[in-house]
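In: Fold the following and give me the result.
(chains A and B)
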Amino acid sequence: MPGQPRVRFAPSPTGFLHVGNARTALYNWLFACHTGGVFLLRIEDTDLDRSEVRHETQLMEDLRWLGLDWDEGPGVEGPHAPYRQSERLGIYREHTDRLLAEDKAYRCFCSAEQLEAERREAVANHQPQVYSGRCRSLSAAESARRASAGKPFAVRLRIPEHPLRFHDLIRGMVEFPQETVSDPILVRSSGMPVYNYVVTLDDALMEITHVIRGDDHISNTPKQVAIYEAFGWKPPEFAHLSTILGSDRERLSKRHGATSVASFREMGILPEALVNYLALLGWGAEGGTREIFSLDELVREFRLERVTASPAVFDWEKLHWLNRHYLKAADPDRVVELAWPHFAGLLPPQDSAGPEIRAWFGKLLALFLPAVSQLDELPGKSGFLFHFDPAATDANEEKAAILASEATAKVLSALAARVRSHSGQVTPEQFKAWMNETKAETGAKGKDLFHPVRIALTGSHSGPEFDKLIPIFEEGSRLQLPTHVLSVRERIEGFLGKQP
RNA sequence: GGCGCCAUGGUGUAAUUGGUUAACACGCCGCCCUCUCAAGGCGGAGAGUUCGGGUUCGAUCCCCGAUGGCGCUACCA
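Out: Sure thing, here's the model as predicted:
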């Protein structure tokens, strides 16, 4: 199909997939889907020392988790394979030879020390740091002679004698004065081609029509445009995405906490929440009054032209808000599935758990889900079901005060008498009746009635309604769980028993 | 030092692309619900669009400059 847009996401497998890169991948993917184009994944592993296979695997897993599938790339292949730069070295070499033969590039024999000295001088003179061009005019014969004599050389591109400009879909025309960009090195003296060179080659060879990437590449773009020119190729459209910042307005990094997609998943952030959030971070739908978007809706609404040029501060609060939204909207069975691993040691392994346990856990989740922003907060919120130390309540001043009040002793003993005289499971209705009787008998009501009971049962004076809690205590106590859940009776007994 | 990018409430984005009481969401505050927490419902505060010039009858929007933030400035990616 002629004129079909082709975009790529080209990460280096040197670490975990960062949210910034995830957003870049998302925007590429959305653009491709919206325009009916092709989304391609390419692995930039020319840095052999830092690239690791496990990172590559992780990266692809993260992309799939987000729902971003690629049309061409590792595992899919396609007409432009291979999609790993380390497997394309021969291709790069051929192209370098061509450039050298056509005198679009030349050998540079300058030493690192020479270059460094020039750089220092330029800074001292308030001049742009550009290569002096010492080897630029070496004759072909001289160049060949030195090379065959075994002198190490790098290959440099001959930058054209005019300002370099490119079009950016987000920023418009960007132009760099000619004197500020110098002949870039294409191939190191080690023979290894440089990143900026291979990216360009690959983008051109893979017929990428729109390069959508981070704005840290803006300054590299003129050099890349020059490479296109040298080969006589038409440069693609560019779209440079702004940086994601931390709350201190510095580039978002590990310093700001979790930033990798994998860690978000581990914390219990839903992929749809992350995708939605990332989409909103630097893009706004027309009108700007909608916040909730499914992946399909994003595909429909997404326009590169509407992407913001200014950097955006990453906001956990909003991500959490979206996550809570999607957690509530999610299919309960799926939430059970996802939340289960967070209860290791409290629940049996998921695959060996019977339907009663699953059902019970489902009730637990229905109760506690509204109280959390991410799944990994669940065990903390519901911890009192599994571990309850009545003695610890005395340590808290506020709770101790409630417990010390006169009404408390009366309320608790009235309730305990009823609990003790009852056999079998306690229903919420039964419990409610007891509470009413206790109220009538002791005269305590409202907080004076509920707080002591709540503390005796849960260890805290705040928490979910008793109606919902009682069945979880009672049913839980009958299940075979790695950590026993105390029944209402066991709780009351245990609580009263702690006092001598 | 050089070059580039950016600039709307605390945060993310809107504003029929020069004419609005500058909108929406997160967060915050208050009220309702309630034994409490969370959720939910309702309401409120918070920017005159970084600053200074210009163009114009009229600038958030166009131009210039300043300031600030960020990025690049490698034989890193």
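In: Distance of residue A:103 relative to RNA strand B?
Out: Separation of residue A:103 from RNA strand B (CB to the nearest atom of the strand, to the nearest Å): 20 Å. Every C-beta, even on glycine, is put in place using the N, C-alpha and C of the backbone.
In: ditto for residue A:139
Out: 19 Å.
In: that's a helix at residue A:467, yeah?
Out: Yes. With DSSP: H, G, I helix; E, B strand; the rest coil as the criterion, residue A:467 is located in a helix.
In: which residues touch the residue nearest to it when sequence neighbours are not counted?
Out: In space, and not counting its chain neighbours, residue A:467 is closest to residue A:428: 4.6 Å by CB to CB, 6 or more residues apart in numbering. Residues in contact with residue A:428 (CB atoms under 8 Å, 6 or more residues apart in numbering) are A:466, A:467, A:468, A:470, A:471.
In: can I assume residue A:281 is in contact with residue A:312?
Out: Yes. With contact defined as CB atoms under 8 Å, residue A:281 and residue A:312 form a contacting pair (4.9 Å).
In: Settle it for me: which of these two has more neighbours?
Out: In this view residue A:281 and residue A:312 are compared by other CB atoms under 10 Å, and residue A:281 has more residues nearby, 21 against 17.
In: What distance do you get for that one to residue A:81?
Out: 33 Å (CB to CB, to the nearest Å).
In: One more: residue A:106?
Out: Residue A:106 is 32 Å from residue A:81, by CB to CB.
In: in chain A, which spans are strands?
Out: A:6-9, A:38-41, A:105-108, A:154-157, A:164-168, A:172-176, A:185-187, A:210-214, A:237-241, A:244-245, A:312-313 (DSSP state E).
In: any chance of these in TSV, plus distance to RNA strand B?
Out: Formatted as TSV, these follow (distance: least, CB to the nearest atom of the strand, whole Å):
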stretch	distance to RNA strand B
strand A:6-9	13
strand A:38-41	15
strand A:105-108	6
strand A:154-157	4
strand A:164-168	8
strand A:172-176	4
strand A:185-187	4
strand A:210-214	8
strand A:237-241	7
strand A:244-245	7
strand A:312-313	3
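In: okay, those strands in JSON lines with mean pLDDT next?
Out: Listed next are the strands of chain A as JSON lines, based on pLDDT from 0 to 100:
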{"stretch": "strand A:6-9", "mean pLDDT": "97"}
{"stretch": "strand A:38-41", "mean pLDDT": "97"}
{"stretch": "strand A:105-108", "mean pLDDT": "96"}
{"stretch": "strand A:154-157", "mean pLDDT": "96"}
{"stretch": "strand A:164-168", "mean pLDDT": "93"}
{"stretch": "strand A:172-176", "mean pLDDT": "92"}
{"stretch": "strand A:185-187", "mean pLDDT": "96"}
{"stretch": "strand A:210-214", "mean pLDDT": "97"}
{"stretch": "strand A:237-241", "mean pLDDT": "96"}
{"stretch": "strand A:244-245", "mean pLDDT": "94"}
{"stretch": "strand A:312-313", "mean pLDDT": "95"}
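In: Pick the most deeply packed of those.
Out: Burial of these is given as mean neighbour count (mean count of other CB atoms under 10 Å); strand A:6-9 ranks first at a mean of 25.
In: Could you tell me the angle between the helix ranked longest in chain A and strand A:210-214?
Out: Longest among the helix segments of chain A by residue count, using DSSP state H, is helix A:19-35. Taking axes from the mean of the first three to the mean of the last three CA atoms, to 10 degrees, helix A:19-35 and strand A:210-214 form an angle of 160 degrees between their directions.
In: May I have helix A:19-35 as PDB, with CA atoms only?
Out: Only the C-alpha atoms of helix A:19-35 are listed here, as PDB (Å, rounded to 0.1, in the frame of the first residue of the first chain):
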ATOM      1  CA  VAL A  19       7.500   5.200  31.500                       C
ATOM      2  CA  GLY A  20       8.900   7.800  29.300                       C
ATOM      3  CA  ASN A  21       9.800   5.200  26.700                       C
ATOM      4  CA  ALA A  22       6.500   3.500  27.200                       C
ATOM      5  CA  ARG A  23       4.700   6.700  26.300                       C
ATOM      6  CA  THR A  24       6.800   7.100  23.200                       C
ATOM      7  CA  ALA A  25       5.900   3.500  22.300                       C
ATOM      8  CA  LEU A  26       2.200   4.200  23.000                       C
ATOM      9  CA  TYR A  27       2.100   7.400  20.800                       C
ATOM     10  CA  ASN A  28       3.800   5.500  18.000                       C
ATOM     11  CA  TRP A  29       1.400   2.700  18.300                       C
ATOM     12  CA  LEU A  30      -1.600   5.000  18.500                       C
ATOM     13  CA  PHE A  31      -0.500   6.900  15.500                       C
ATOM     14  CA  ALA A  32       0.000   3.700  13.500                       C
ATOM     15  CA  CYS A  33      -3.400   2.400  14.500                       C
ATOM     16  CA  HIS A  34      -5.200   5.700  13.900                       C
ATOM     17  CA  THR A  35      -3.700   6.100  10.400                       C
END
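In: That one and RNA strand B in contact?
Out: No. Contact of helix A:19-35 with RNA strand B (CB under 7 Å from any atom of the strand) is absent, the minimum separation being 9.9 Å.
In: Quick check: residues of the stretch 1-150 of chain A near RNA strand B?
Out: So the stretch 1-150 of chain A meets RNA strand B at A:12, A:14, A:44, A:46-47, A:108, A:110-112, A:115, A:119, A:122-123, A:126-129 (CB under 7 Å from any atom of the strand).
In: Spell out which residues of the stretch 401-500 of chain A are next to RNA strand B.
Out: So the stretch 401-500 of chain A meets RNA strand B at A:446, A:447, A:449, A:450, A:451, A:454, A:461, A:462, A:463, A:464, A:465, A:466 (CB under 7 Å from any atom of the strand).
In: Out of those, which is nearest to residue A:390?
Out: residue A:454 (12.7 Å; CB to CB).
In: quick one, what contacts the closest residue to the closest one other than its chain neighbours?
Out: Closest residue to residue A:454 apart from its sequence neighbours, by CB to CB, 6+ apart: residue A:461 at 5.3 Å. Residue A:461 makes contacts with A:398, A:399, A:402, A:451, A:454, A:455, as judged by CB under 8 Å, 6+ apart.
In: hmm, try it at 10 Å
Out: By CB atoms under 10 Å, 6 or more residues apart in numbering, the contact set of residue A:461 is A:393, A:396, A:398-399, A:402-403, A:447, A:450-455.
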